[in-house]
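Undergrad: Take this sequence and fold it.
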Amino acid sequence: MERYFSEAQRELIFSEVTTAVYMVDSSAINGQEMNAKNREIFEKYLKYIFEFSPQIDKVYVLLNKIDLPNSREDDIFALLTEGLSEDLRNKVAFTPVSVKEGSAQHRLIEILDYEIQKSTLSMQRLGKIRNLLDQLKISTLSEYLLFNQPDGLLIASTFGRFESKPLEFMKFEIGTLDSNLYQIYQTIMNSLNIQSISPLSLSTIVYESDICYVLVKEVSDGAVLMAVTKNKKPEVFAGVMNSLNGEDFENLKKYIRASNF
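TA: Numbers count the residues shown, from 1 in each chain. The predicted model follows:
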């Protein structure tokens with residue numbers, strides 16, 4: 001276990017996880033040293049599972065051996081949950097079980113069945129989103145990447161699969177819009193007697209390099225779309241701008257909001 005948590009091994013062990021199940025002996029809570037060890041291992045497990053498999057949204061904790069007379073599952077639960085943040089607590093599901101009596105096996109089947117159904121639905125949604133991004137690409141001859149806004153991780157792109165390097169774990173970070181840029185914009189709008197504005201009015205940002213344009217537009221509260229043009233021809237830039245204000249973009253926005261992706 002020390003090797004699993006080591007710097008040399010932990011990324012290999014905890015990356016590309018699809019379902020996270022943590023089993024603990026509910027009778028092993030005798031003595032301060034044992035309790036500290038249980039807590040240390042659990043904290044490391046949570047830290048690395050969410051760091052190297054950020055797509056995981058639930059860790060299933062099985063409190064095993066509740067059939068034993070000396071089982072103290074309530075104490076183990078209290079030990080493992082003490083001091084956890086509310087966000088982290090919402091990502092951990094505890095279940096008292098017994099391998100001997102079969103409830104652990106039954107619970108594991110439930111977990112895997114649920115995760116398989118969720119994964120299938122997620123893949124269907126990803127397929128639809130990739131299709132919508134491809135429609136934008138075809139009409140503008142530009143590449144598109146969709147990022148999850150809270151953590152900045154890549155959701156889908158017109159580059160195809162991104163579960164391996166170099167796109168794996170790619171993150172997008174941008175400063176808040178209620179900045180100096182917004183203050184200038186607000187001043188200009190006020191001078192034009194336009195009062196009803198908000199930071200969301202600045203939903204599209206354009207960057208320019210020597211060879212292309214990069215456009216970033218908010219799709220919803222939880223997603224940001226990036227477009228990268230293949231050149232700097234005026235018609236290419238105009239095509240992307242038209243698409244980001246056209247039917248293809250609206251279809252993408254409606255689907256993401258409707259599916260609560």
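Undergrad: Was I right to think Val219 contacts Leu225?
TA: Yes. Between Val219 and Leu225 there is a contact under C-beta atoms under 8 Å: 5.1 Å. C-betas here are computed from N, CA, C, even on glycine.
Undergrad: what is in contact with those two at once?
TA: Counting by C-beta atoms under 8 Å, 6 or more residues apart in numbering, the contacts common to Val219 and Leu225 are 146, 249, 252.
Undergrad: What is the burial count for the first one?
TA: In other words, Leu146. 23 (other C-beta atoms under 10 Å).
Undergrad: Tell me the secondary structure at it.
TA: strand (DSSP: H, G, I helix; E, B strand; the rest coil).
Undergrad: Contacts only, for it.
TA: Applying C-beta under 8 Å, 6+ apart, we find Leu146 in contact with 129, 133, 154-157, 219, 223-226.
Undergrad: can you tell me how far it sits from Ile155?
TA: 5 Å (C-beta to C-beta, to the nearest Å).
Undergrad: Just the local confidence number for the residue nearest to Thr95 when sequence neighbours are not counted, please.
TA: Of all residues beyond its chain neighbours, the one nearest Thr95 is Arg107 (5.3 Å), with distances taken as C-beta to C-beta, 6 or more residues apart in numbering. At Arg107, the model reports a pLDDT of 94.
Undergrad: Can you tell me the element Arg107 falls in?
TA: Assigned by DSSP states H and E, Arg107 belongs to helix 103-140.
Undergrad: Check which helices and strands that helix sits against.
TA: The elements that helix 103-140 packs onto, with contact taken as 3 or more C-beta pairs under 8 Å, 6 or more residues apart in numbering; DSSP states H and E, are strand 20-25, strand 59-64, strand 142-148, strand 154-157, strand 223-229, helix 234-244, helix 247-259.
Undergrad: Compute the inter-axis angle for whatever helix or strand comes next after the first one and strand 20-25.
TA: Right, the one you point to is strand 20-25. Going down the chain from strand 20-25, the next helix or strand is helix 32-52, by DSSP H and E. Note on geometry: by axes from the mean of the first three to the mean of the last three C-alpha atoms, to 10 degrees, helix 32-52 and strand 20-25 are set 170 degrees apart in direction.
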